[in-house]
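Q: What follows is a protein structure lacking sequence information:
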Ligand SMILES: NC(=O)c1ccc[n+]([C@@H]2O[C@H](COP(=O)([O-])OP(=O)(O)OC[C@H]3O[C@@H](n4cnc5c(N)ncnc54)[C@H](OP(=O)(O)O)[C@@H]3O)[C@@H](O)[C@H]2O)c1
């Protein structure tokens, strides 16, 4: 069977939040599929490790530390990637935060700014920078990691859910605008994935039991399962798909 449409040979990808968890799984899987990859998070030594893993697979890697909330860092990340590779075919906006839980009415402005500026503004600014280059180069592919919380709210995670819902609209709005330039924009909305980000949930037996009680597939997901969906969206396997949100949550949102 010919599955060459799943190849990323000759492509350049930029993945944020690539030190660990979902972002790392995506960066490594993209390299395995043939892409050269620029990887970013805030920690340079961690990035060097991921970059070495990618180089060990025979691909080029560029590790650039950046805080997703700082526009100057995103500009530097974009410039360095363009200098190194000359083009960016795939952008994966993945780095996000959820520093606090609580009812929306109790959340202060500082928390609002922190979550929105990191998640929604960070994704938007990097998409603008890379989107302009993709427009010049005649095409590209943007994948935004949202959350099932961006589709239906989770009590106590209101601000995070609002930011993730914003990312879904960012995805749809950019898909409408960028189709003229052969740029596809899609989102993945995962449920509970076993990473450090969600450790407070899956390491608490009671909370995990509650979560599984409304999850038809009765298990958490692994970062590699998200990476497979990202690979589908990044390749010609999904050539006719844009502006879509793929919910992958073991059925929990049903
Ligand atoms: N895990 C889940 O259950 C789940 C479910 C739905 C959606 N998601 C989404 O999936 C994405 C990845 O999460 P994950 O579970 O893989 O989390 P993770 O294992 O904690 O990884 C997060 C990555 O983002 C980086 N990062 C965090 N804050 C950053 C910032 N301000 N600037 C730059 N990089 C930053 C981290 O590195 P540094 O800290 O070193 O910078 C790390 O590489 C997020 O968008 C999250 O909302 C996760």
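A: Happy to help now that I have it. Being a predicted model, the structure only gives us computed values, none of them experimental. Numbering: from 1, shown residues only.

Q: where along the stretch 1-150 of the chain do the strands fall?
A: Applying DSSP state E, counting those that start in this stretch to the stretch 1-150 of the chain gives strands spanning 12-16, 36-40, 61-63, 90-93, 140-145.

Q: Adding distance to the ligand, write those strands out as a markdown table.
A: C-beta coordinates here come from the backbone N, C-alpha and C atoms, glycine included. Formatted as a markdown table, the strands of the stretch 1-150 of the chain follow (distance: least, Cβ to the nearest ligand atom, whole Å):
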| stretch | distance to the ligand |
| --- | --- |
| strand 12-16 | 6 |
| strand 36-40 | 7 |
| strand 61-63 | 11 |
| strand 90-93 | 8 |
| strand 140-145 | 4 |
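
Q: Let's have those in CSV, adding mean pLDDT and mean neighbour count.
A: Shown next, in CSV, are the strands of the stretch 1-150 of the chain (pLDDT from 0 to 100; neighbours: other Cβ atoms under 10 Å):
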stretch, mean pLDDT, mean neighbour count
strand 12-16, 99, 28
strand 36-40, 98, 29
strand 61-63, 98, 22
strand 90-93, 99, 28
strand 140-145, 98, 26
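
Q: Tell me which of those lies nearest to residue 215.
A: strand 140-145 (19.5 Å; Cβ to Cβ).

Q: List, one by one, the residues from the stretch 51-200 of the chain near the ligand.
A: Within the stretch 51-200 of the chain, the residues that sit near the ligand (Cβ under 6 Å from any ligand atom) are 67-69, 94-97, 118, 145, 147, 190, 192-193, 195-198.

Q: Could you identify the buried members of those residues?
A: Burial by neighbour count, 16 or more other Cβ atoms under 10 Å: within those this picks out 67-69, 94-97, 118, 145, 147, 190, 192-193, 195, 197-198.

Q: and the two most separated of those residues?
A: Farthest apart among those - using Cβ to Cβ - are 67 and 192, which lie 26.0 Å from each other.

Q: I'd like the strands of the stretch 1-150 of the chain written out as a markdown table, with distance to residue 54 added.
A: Output for these, formatted as a markdown table (distance: least, Cβ to Cβ, whole Å):
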| stretch | distance to residue 54 |
| --- | --- |
| strand 12-16 | 10 |
| strand 36-40 | 6 |
| strand 61-63 | 4 |
| strand 90-93 | 14 |
| strand 140-145 | 18 |
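
Q: dump the residue contacts of the residue of the chain found nearest the ligand.
A: Nearest residue of the chain to the ligand: residue 21, at 2.3 Å (Cβ to the nearest ligand atom). When contacts are counted by Cβ atoms under 8 Å, 6 or more residues apart in numbering, residue 21 touches 193, 195-197, 223.

Q: go on, residue 131?
A: When the contact criterion is Cβ under 8 Å, 6+ apart, the partners of residue 131 are 140, 142, 174, 178, 183.

Q: contacting residues around residue 124?
A: For residue 124, counting by Cβ under 8 Å, 6+ apart, the contacting residues are residue 170.
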